[in-house]
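Novice: Structure here, sequence nowhere to be found:
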């Protein structure tokens, strides 16, 4: 596969921390390449560096060395201003907790990334309405987060992450705060949106059932990513 076919690549990424006079290597010349529309699960023990990796892939934390290439452009050789623009246009984020703005409706929350990027208000609302319908919330457009269930709030967060039609969405334990039934529902919506929109997903998870539904599962061990055995 040509490099141009990848929406995101991590190249020789290193990250370490100093703690009580010791250097702890978290990521060690890590490589990763994610194709358009691909769904990749990243698993690993607590403290292995999964969230650190996701933050670096998402332009939220700089590596000590190495680079992340997003749609053919370096994420870390550009200015902070340009990196923010790339994050807004090309990346989406979903976390274990929804991080919705409580004073705004579901529709307003989902439209927010487009408005922050300078988009037209009517177009932003139309796109937000479309995505909320895709996740089964067309009857909840005017509800604020406090009026929604946990699963509904997470679906709003997923719609918000997808509203800019990014190249890739980063997810950190997207079902970790949900019961099994609700998690299964959310996973179903993720599958549907991936097929509908062709957006790549990188999912950090402890949820084995979610990881098994991805196209590929990788395990972070000693700072590098290794394929997970098919019977995990």
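Specialist: Noted; the coordinates are in hand. Since we're looking at a predicted model, the values are computed, not measured.

Novice: how about the helices in the chain?
Specialist: 50-57, 80-90, 106-116, 121-134, 150-162, 180-197, 208-212 (DSSP state H).

Novice: can you put these in CSV and add mean pLDDT and distance to residue 21?
Specialist: C-betas here are computed from N, CA, C, even on glycine. Formatted as CSV, the helices of the chain follow (pLDDT from 0 to 100; distance: least, Cβ to Cβ, whole Å):
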stretch, mean pLDDT, distance to residue 21
helix 50-57, 91, 20
helix 80-90, 88, 31
helix 106-116, 93, 42
helix 121-134, 92, 49
helix 150-162, 89, 39
helix 180-197, 81, 41
helix 208-212, 81, 36
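
Novice: For those helices, state which one has the densest average packing.
Specialist: Sort the helices of the chain by mean neighbour count, taking mean count of other Cβ atoms under 10 Å, and helix 150-162 sits at the top with a mean of 24.

Novice: which outside residues touch that one?
Specialist: The contact list for helix 150-162, computed with Cβ atoms under 8 Å, 6 or more residues apart in numbering, reads 92-95, 98-100, 106, 109-110, 112-113, 128, 131-132, 134-137, 140, 143, 145, 148, 169, 171, 174-175, 177-178, 182, 185-186, 189-190, 193, 197, 199.

Novice: what's the answer for stretch 47-56, then?
Specialist: 10, 13, 15, 26-27, 30, 42-44, 61-63, 68, 170, 172, 202, 204, 220-221, 223.

Novice: Same question for stretch 69-83.
Specialist: For stretch 69-83, the external contacting residues (Cβ under 8 Å, 6+ apart) are 3-4, 6-9, 11, 59, 62-63, 67-68, 86, 90-91, 167-168.

Novice: Using neighbour counts, pick out the buried residues of that stretch.
Specialist: Applying a neighbour-count criterion of 16 or more other Cβ atoms under 10 Å, one finds 69-71, 75-76, 83 buried in stretch 69-83.
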